[in-house]
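> sequence below, structure please.
(one chain, ligands or ions: 1)
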Amino acid sequence: MKRTDFPKEFKFGTATASYQIEGGIEDRSPSIWDEFSHTPGKTKNGDNGDVACDHYHRYEEDIEIMKDIGVDAYRFSISWPRVMTDGIKPNEKGIDFYQKLVDKLLENNITPFITLYHWDLPLYLYKEKNGWLNPDIANYFQDYASLMFNKLGDRVKHWITLNEPWCSAFLGYFVGEHAPGHKDFQESFYVAHNLLRSHGKAVIAFRDIVKDGKIGITNVVTKVESLSNDEKDIQAAKLVDQYINGWYHDPIVYGKYPEEAVNSLKNIKLDIPENDFDIISQTIDFFGVNYYSRQVISYDENHPLKFKHAEGPLPKTEMGWEIYPKGLYDKLVEFNNKYKLPLYITENGMAGPDKLENEQIHDDYRINYIKDHFKSTLDAIKDGVDLRGYFIWSLMDNFEWAHGYSKRFGLVYVDYNTQKRYLKDSALWYKNFLLNK
Ligand SMILES: N=[N+]=NCCCCNC(=O)[C@@H]1[C@H]2[C@H](O)[C@@H](O)[C@H](O)[C@@H](CO)[C@@H]12
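Down below sits the predicted model:
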């Protein structure tokens, strides 16, 4: 498989997120992840993003690395608390960082794709305004989005409102594994709804400010399969697919939540104001698909959503996620048929047992992972999917949320003691692929 097997305009890239790589906390106000990671017991080894990959001070070097690898595009997120003090007052120093980042990318012919929200909510908005639980958060988000569109929209034409609202709502407000660490089922549905409303408000602003731009939303898209052919397992898997995938896509395209999932939520209040779905279902230009794996589901009477995960038999990454490229193909074809929107794979990659030896990292497992998922991508394109790009997660090893620095997803290895970067064999492979070798 060669690069020229893909459409000429197809964009190959890589991706990161602000809290996971920037550090530079001295020049921004705090986010919910600063408080969460500094709370004992919340992250592995008590790791936090205070320094991370020190990208805030090393962004020029990191762009040089991307230039060397030869990527067409780079997906990164803006730190809301960096560009607006406490999420409210514009901070010119923070805005200036992203101005310079964008200009340096463009100088190197790398197309910027900006994610507005990749989980680092300004702490003030959480503490004083109740964060994503407050319907008014959509207005704060629209103000933030408008500021960024006005400041960068002349040069940045590809925007993503939210990264993985399912993670923000479900992991942050029900499971409690992510910031702000709530464990309230009802709250997680209010949060999901306010995230989607915030998305819609940002799209409305975008249409006024960046008239020649493209905007979408990125969700984690998981292939959900039933453990058995037992009707109960099949039904449980169908509902999980609606909770994880449909819940964050159907409202945007169809203006309503998936019906069976709504009906299954007997004791969940979804008191939704009349025109909310008019806001949420603003026309978008693409869906971003973050694909990692599948979930194998069986029926479980004791779970609020009547399901439990089954251990799949396939080889797994360091995250314990099965390696399942067929799932990517399946979801791309399904989404293409169901939503009829252009798609970008905004994240795909793996955490591996990466070891630095003689300044090299031999990660053949990651090369094989990427090749297998590229193959699924190419098969989907050949079968008619309107797929426009693929961003490998991640450019470099970084802060992997509750796992801290214990999981390495990068094409580039980061020695956190020295902040030295080392291209892994997978980065060298990607470089040759992009040269069509
Ligand atoms: N079975 N199974 N499951 C897959 C469930 C995946 C949920 N987590 C993600 O998608 C996060 C996404 C995030 O954008 C990024 O910030 C994270 O670094 C990556 C890697 O963790 C992924």
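> got the residues of the protein near the ligand?
Within the chain, the positions near the ligand by C-beta under 6 Å from any ligand atom are 17, 20, 163-164, 167, 220, 222, 290, 292-293, 295, 321, 347, 393, 400, 409. Where you see a C-beta, it was placed from the backbone N, CA and C, and this is true even at glycine.
> can you rerun that using 8 Å?
The chain comes close to the ligand at residues 17, 20, 118-119, 163-164, 166-167, 171, 218, 220, 222, 290, 292-295, 309, 319-322, 347, 349, 351, 393-394, 398, 400-401, 403, 407, 409, as judged by C-beta under 8 Å from any ligand atom.
> per-residue confidence for residue 273?
On pLDDT, residue 273 comes in at 89.
> just checking, it is part of a strand?
No - assessed with DSSP: H, G, I helix; E, B strand; the rest coil, residue 273 is coil; it does not lie in a strand.
> what's it sitting at in phi/psi?
When read as degrees, to the nearest 10, the backbone of residue 273 gives phi -60, psi 150.
> count the residues that sit near it.
Neighbourhood size, residue 273 [other C-beta atoms under 10 Å]: 11.
> same question for the one 10 residues further on.
Look at residue 283: counted by other C-beta under 10 Å, it has 10 neighbours.
> against the ligand, how distant is it?
24 Å (C-beta to the nearest ligand atom, to the nearest Å).
> where does the closest residue to that residue other than its chain neighbours sit: helix, strand or coil?
Once flanking residues are discounted, residue 283 sits nearest to residue 203: 7.7 Å by C-beta to C-beta, 6 or more residues apart in numbering. Using three-state DSSP, the structure places residue 203 in helix.
> next: residue 217.
strand.
> thinking it is in contact with residue 162, fair?
Yes - contact criterion C-beta atoms under 8 Å: residue 217 and residue 162 qualify, at 5.4 Å.
> what do the two both touch?
Listed as contacting both residue 217 and residue 162 by C-beta atoms under 8 Å, 6 or more residues apart in numbering are residue 199.
> need the pLDDT of the spatially most central residue of the chain.
In the chain, the residue lying closest to the centroid (C-alpha atoms, centre = their mean) is residue 163, at 4.0 Å. Per-residue pLDDT puts residue 163 at 98.
> now it: phi and psi?
Torsion angles at residue 163 (phi, psi; degrees, to the nearest 10) stand at phi -100, psi 120.
> now for the nearest residue to it once chain neighbours are set aside, how many residues are close by?
Excluding the flanking residues, the one nearest residue 163 by C-beta to C-beta, 6+ apart is residue 118, at 4.2 Å. Residue 118: 25 surrounding residues under other C-beta under 10 Å.
> same question for the one 10 residues further on.
Other residues lying near residue 128 total 13 when counted by other C-beta under 10 Å.
> buried ones in stretch 356-365?
361, 363, 365 (16 or more other C-beta atoms under 10 Å).
> surely the first one meets residue 429?
I take that to be residue 361. No - Residue 361 lies out of contact with residue 429 (C-beta under 8 Å); the separation is 11.8 Å.
> can you pull out the helices in the stretch 201-350 of the chain?
231-241, 247-253, 259-264, 276-280, 325-339 (DSSP state H, counting those that start in this stretch).
> list the contacts of the third one.
By C-beta under 8 Å, 6+ apart, the list of residues contacting helix 259-264 from outside reads 238, 239, 242, 243, 246, 247, 270, 305, 306.
> go through these and say which is closest to residue 194.
Nearest to residue 194 out of these is residue 270 (C-beta to C-beta; 12.3 Å).
> ok, that closest one - contacts?
Contacts for residue 270 (C-beta under 8 Å, 6+ apart) come out as 189, 193, 257, 262.
> sorry, back to before: just the buried residues of the residues of the chain next to the ligand.
17, 20, 118-119, 163-164, 166-167, 171, 218, 220, 222, 290, 292-295, 321-322, 347, 349, 351, 393-394, 398, 400-401, 403, 407, 409.
> narrow those residues to those in strands?
163, 218, 220, 290, 294, 295, 347, 393 (DSSP state E).
> now, the most widely separated pair of those?
It's 163 and 294 that sit farthest apart of these, by C-beta to C-beta, at 20.4 Å.
> how about residue 359, nearest residue that isn't a chain neighbour?
In this structure, residue 359 finds its nearest non-sequential neighbour in residue 422, 5.9 Å apart by C-beta to C-beta, 6+ apart.
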